[in-house]
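[1] give me the fold of what follows.
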Amino acid sequence: MLEAATVLELGPGPGLTTDWLLPRVGSLTCVEYDESAAVALAQRCPGVEVRHGDATALPFGPGSFDTVVCFTMLHHLPSSAAQDRLYAEAARVLRPGGVFAGSDSRGGFLFALAHIGDTYTPVDRGSLPARLRAAGFGEGRVDTRRDSFRFRAQLSSR
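    Okay, the predicted model is just below:
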């Protein structure tokens, strides 16, 4: 149950998913790369701890959170290597048995076109379970939908 969970949201942008998460979790912390978006989110959501920072180098100690989530932001990282660093950081800051979950777009021509002038690195869904295992998670699950996919992986209980 998330009602008592300490949750870390990576890359919330304007906070649409933050708004959905906030009443459903025990405590919510967000790390947003864009400084102006982080400032705006902190002002709009005083009940959320918002940090301006990089999700590939999180400013938290090991085992700080029950759950880490990221929604439609992985493709904004500059490379698949950066995505892998994010997965490893998610594993590092999770408590034993913690869950890493999220979603992203499946990509495609129109999605790429919408990102002209912006960072766009589609996630290879086929290799995602192996990449999550390499980051320290148990078996990861990827569910593909028409325009998007979602994933979930759990850290071993150690």
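[2] please enumerate the helices of this structure.
    Secondary structure of the chain (DSSP state H): helices located at 16-21, 35-44, 80-93, 109-114, 128-134.
[3] out of these, which one sits most buried?
    Mean neighbour count (mean count of other CB atoms under 10 Å) peaks for helix 80-93 among the helices of the chain, with a mean of 20. From N, CA and C alone the C-beta is placed, and that goes for glycine too.
[4] who touches that helix?
    Residues outside helix 80-93 that contact it (CB atoms under 8 Å, 6 or more residues apart in numbering): 8, 10, 55-58, 60-65, 68, 70, 74, 77, 100, 121, 123-124, 131-132, 134-137, 155.
[5] same check on stretch 36-44?
    12, 13, 14, 15, 18, 30, 32, 48, 50, 51, 52.
[6] separation between the residue nearest to the spatial centre of the chain and residue 151?
    The centre of the chain sits closest to residue 70, judged by CA atoms, centre = their mean, with a distance of 2.2 Å. Using CB to CB, to the nearest Å, we find residue 70 at a distance of 10 Å from residue 151.
[7] also residue 123?
    From residue 123 to residue 151 the distance is 9 Å (CB to CB).
[8] same question for residue 87.
    In terms of CB to CB, residue 87 sits 10 Å off from residue 151.
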